[in-house]
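# Give me the fold of what follows.
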Amino acid sequence: MSANWPERISAFLRSPSQFLCSTTSDIFLAEVLHELRDDRASDHIKVLLLSPLLEHPTLLCPSVFVGEETALELMSVFAQCSPKSLPLRCHLLLALTSVLLCSCCVSSHTSASQDFLDLLLQMAQDTNDAQAGAALHPLRTTACDCLRELEACLPGLLSQRLELLSSLRQQENSRLHQAYTGLHALALRNAVYLLTQQKEAGAGDLKAALGSNEGFVWGEGADSAHPNSESHSDLALFSPLTLGTMGKVPSLQTGLDCKELRSLLSSLLEESYLLTSLSQAALLRQLVEVLAMVPAVSPTILRAQLLRLLGTCKVCLLHTTLLMKAAFTDSLFNAEDEAFLLKRLVGLSQHPLLSTPEKLFYIDCILHFPENRPISSGDESLPVLLTPRLAAALVPTVFNDSVSMLARLNLLSLVYLEEGEEDREGQGGRGLAYLYDHLTSLLRIVENQASREMVVTFFRASFLFLLHFCHVERYSEDLSQRLCDLYLRRTRLAPHLINLADRTQDRLEESGWAVALLRALQRTITEAPLSQLTLQDLRWHLRILARVAEEGEVLQRATLNFLLCVITSSSSALCVSGDWRLGNSVLGVCRRLLLHPSLDSLLTPLADLLQHLTCHYGETDIQDHARLYYTLLTTLSQEKLAGVLAQRGTERGRQAKVRSLSAIMGENEELTSGLTVHQTERPLLRLVKLDKHEPDECRPEHKPDSEPACETESSPGQGGIEDYRAQFQSSSFASEITLQYHLTHTGVHDPHFDKLFSIRLHFDLTDGHYEEVSDISVPCLFRTRKPPTVRLRLKPKQPYHTTLRASAIFTTEDGLSWHSPLADLHVAFPEVFLPLLTPLGWAREKKQRVFEGIWGEICSGQSEGDLTNTATSLFCDQLEDSAVGELVEKYFQRYLVSDLDKGRCNVLFFLPPQSHVLLKVITEEDAVQVHIATDNWKLLPYINSYLEDITKEIHSTQQVNGDV
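The predicted structure is shown next:
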């Protein structure tokens, strides 16, 4: 088996869901653990086997019970490993951490997690490799990483071990000192945060925490300290600097007595020089959070670090410096420090040796610079100290890459906007002129057939310029004229111009620049010589004119005259060509003109245009639409015409989309919301399982062609088995199970969904154990009526439990269609059980002979078929006679082959498609023995779990009855 493990693991990691279609997670996990215990497997194979547990622990260990059992197996393998197998032992520690965390074993305080934590601390306490030697140095490194991961995922877990962690950090002299420092700082930060969540916690509690070495703080202990606080997992996601009411940092009132904490912080800061840049940044961030939560310790303790932090070239350290400035402002940074840091950011933003992402990061830091005394607050507000002279080094040029150019343009626009454009002779006026010159340089590049990237960059730059300086008329009007000239040279830029007008109109609601641009484009198109017009240019012109027609402020007489000249000209080949797309574009303009506020003045030329299209255009579909528009134009009033055609209302002069069931849509427009399947915000329906069984629904009504062996006594058991197995050869025999549910509303009450119609239930499989499930139709569901019964028919390929994902599509009273997810349907293993499927009319004696025959074949192995999958087992439990009777009556009644007589009975479970589980229940004094035989050995774990569950239920019932 081990020879094919690399292929199996690779297949699992490539697609876990597809891999588990051929098996189950329980079986695969059992096989992995069995191979890990095999001494013949190499360490390389065992490391490979741990990959699924490292990558997909929740898939293989979905519950606390499975996670703990798996962890105990892995710890057993770890104990048996040779000390020389360092890679395997390290991977085992990592796998144990993943399994225990992802299966919630640590938060549930299981014994396995307790033992694992003790093991990690034991390995971590071997400082400087004094006991195990330097050979085990990688193992100790991994142990520290695992402890840090556990503390990060469950903040406060090590908060009662701060004294031990501090001692280990001080004793360690090897390169592992960095790992101990990071672990200690993280535990300190989380411990202080937990104290801030406790009422009336003070200096005494902080001192006790710093000197504690008692044990671990499990989930319930930390939560009980502050009932309203977030859970451990929630705390791991947030920094204390952002927690608290209204963004206030949680604080711990300790008075002035914080000598222990101050001494500890000083020690950590002194050792920070020994760490790598990333570790220094993480350490400083955690210490900043501690200082922010303990106001009694002055942030000036960090002053000694500023000299090297202000001059660093490491992104992570500079980011930490900005975090420190945002947290402590002028308590730590004076005016000179602030000015130097800002100049440093400006210099780094244009440093030639830095990469583009780094430069963009520094520009973003300038835009969000944490000032000591900010004047204004906003998403992007410039610091007061950033003057045009200082920002001059960041002026954009055409040689910058696109992203950097746009970032610089945005920054400089904000700088010059602050200066004001009125001072035309000052720095602000010259700077604005330079920015516009830069924009026109980009425009000239676009005119000369620039790449798509440069085209997009130019239009984005134009949008940024307009966003800040649209009120400067001499620049905005000149830009409009230049854009019109650019369009005549490159008509393919029409989509970019339309998008620029739309975005500008959306962001600058009070500005009329977008309308002015569209009016200018209309004038440019309509006044251009028709002799130079090509069909390709006409396509783009029609898109521009259609957008112009949406503006109620723009007169449309010029547009109509242009279309009439193009359509009716004797030299025009447009109507003769019969191009459907081009004709539909013309109709798109006409349709928008039908909705224009000045339609009365356009009535005659628009009617002439539509009539000409109806009579002369060489495409039938275009003629039909033109005839319809002409009929509507000449017979309906403007109000009725708007009601029929308008999918759009008026919004800031433009036509905004609204729903109209009677709307007549153009060929290139979307369907209205009335024809759209809407998505509900939350589940509205649920399927409630019914416990009752209907034998007629689960038993095949199969009548054999003949019954030759009903009374024969020769070859006991064989005749009944042959007749029984003959059913499987019949095409009319179907092995399926039927589950019944009530379809009801959920607890969410929305009167809009009280009456539902034409409900279509859809089910998706999550594994490959069952055939595809057909959709189920339900005519209606009323909240005030009895819920309908839904029968779900499943045909197993393999008799395992499964989960179905369910959803529903339905119609409400107003005619809208809705899609709503339902809760997953869990099909338990016992729900796959069916009674013995025999032909109609079989007596109990013949069923007993089938049972004995199958039992004999499994036990003796004398069957002519393949019995490699057969297996037997024994289950025992302490049950009294009355309890055994209750067990049989409650759980085995449907599957009895022989009645309970003298403490004995036979039970047979048929599991589609062709599996059997046979039970012989035998009562011995105060115990019950269940002998198990099956022709599918993979079912034994599920049968054992099922028997354990039902016997536990019987014990609970007996105990309750005894107490009563």
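# need the contact list for V384.
Neighbour list for V384: E371, I375 [criterion: C-beta atoms under 8 Å, 6 or more residues apart in numbering]. Using the backbone N, CA and C atoms, a C-beta is placed for each residue, glycine as well.
# where's it, which helix or strand?
Element membership of V384 [criterion: DSSP states H and E] is none; it lies in no helix or strand.
# Could you check how far the closest residue to D478 other than its chain neighbours is from T491?
With sequence-adjacent residues excluded and distances taken as C-beta to C-beta, 6 or more residues apart in numbering, D478 is closest to Y436, at 8.0 Å. Distance from Y436 to T491, counting by C-beta to C-beta, to the nearest Å: 25 Å.
# How about the contacts made by the residue nearest to D478?
Contacts of Y436 by C-beta under 8 Å, 6+ apart are F465, Y475, D478, L479.
# Okay, strands next: where are they in the stretch 601-750 of the chain?
For the stretch 601-750 of the chain, the strands defined by DSSP state E, counting those that start in this stretch occupy 648-651, 654-657, 677-679, 685-689, 737-745.
# By mean pLDDT, show me the worst of the ones you listed.
Looking at those, the lowest mean pLDDT belongs to strand 648-651 (a mean of 48).
# Confirm for me that L609 is in contact with R591.
No - L609 is not in contact with R591 according to C-beta atoms under 8 Å; the separation is 12.0 Å.
# Quick check on these two: which one has the bigger neighbour count.
L609 (25 against 21; other C-beta atoms under 10 Å).
# Give me the pLDDT for that one.
pLDDT, L609: 91.
# what sits against the spatially closest residue to R37 that is not a sequence neighbour?
For R37, ignoring the flanking residues on the chain, the nearest one in space by C-beta to C-beta, 6+ apart is V77 at 6.2 Å. V77 sits next to L36, R37, K46, L92 when contact means C-beta under 8 Å, 6+ apart.
# ok, now P821?
Here P821 is in contact with T680, P683, R805, A806, S807 (C-beta under 8 Å, 6+ apart).
# Next, give phi and psi for A549.
phi -70, psi -10 (degrees, to the nearest 10).
# Surely it and T559 touch.
Yes - A549 lies in contact with T559 (C-beta under 8 Å); the separation is 6.5 Å.
# Please enumerate the shared neighbours of those two.
Joint contacts of A549 and T559 (C-beta under 8 Å, 6+ apart) are V589, L593.
# Please say which of these two ends up with more neighbours.
Neighbour totals were compared for A549 and T559, and T559 leads with 28 against 24 (other C-beta under 10 Å).
# thinking that one is in contact with C590, fair?
No - under the criterion of C-beta under 8 Å, T559 is not in contact with C590, lying 10.0 Å apart.
# in the stretch 751-900 of the chain, which spans are helices?
Ranges of helices in the stretch 751-900 of the chain, per DSSP state H, counting those that start in this stretch, are 844-860, 881-887.
# Equivalent analysis for the stretch 501-650 of the chain, please.
513-527, 535-548, 557-568, 574-577, 580-594, 599-616, 620-635, 638-645.
# buried sites along the fifth one?
If you call a residue buried by 16 or more other C-beta atoms under 10 Å, then helix 580-594 has these buried ones: 582-594.
# Excluding chain neighbours, what is closest to G255?
Using C-beta to C-beta, 6+ apart, the nearest residue to G255 is A203, at 5.5 Å.
# Spit out the contact partners of the one you found.
Contacts for A203 were tallied using C-beta under 8 Å, 6+ apart; they are T254, G255, D257, C258, A296.
# Check V64 too.
S103, C104, C105, S108, T110.
# Next: V66.
Counted by C-beta under 8 Å, 6+ apart, V66 has contacts D26, L29, L60, S103.
# and Q929, how many neighbours?
Going by other C-beta under 10 Å, the residues that sit close to Q929 add up to 15.
# My reading is that it lies in a strand. Confirm?
Yes - with DSSP: H, G, I helix; E, B strand; the rest coil as the criterion, Q929 is part of a strand.
# S873 is in contact with that one, correct?
No - between Q929 and S873 there is no contact under C-beta under 8 Å: 11.2 Å.
# Look up how far E214 lies from E163.
Counting by C-beta to C-beta, the gap from E163 to E214 is 9 Å.
# Compare neighbour counts for these two and give me the winner.
E163 (14 against 10).
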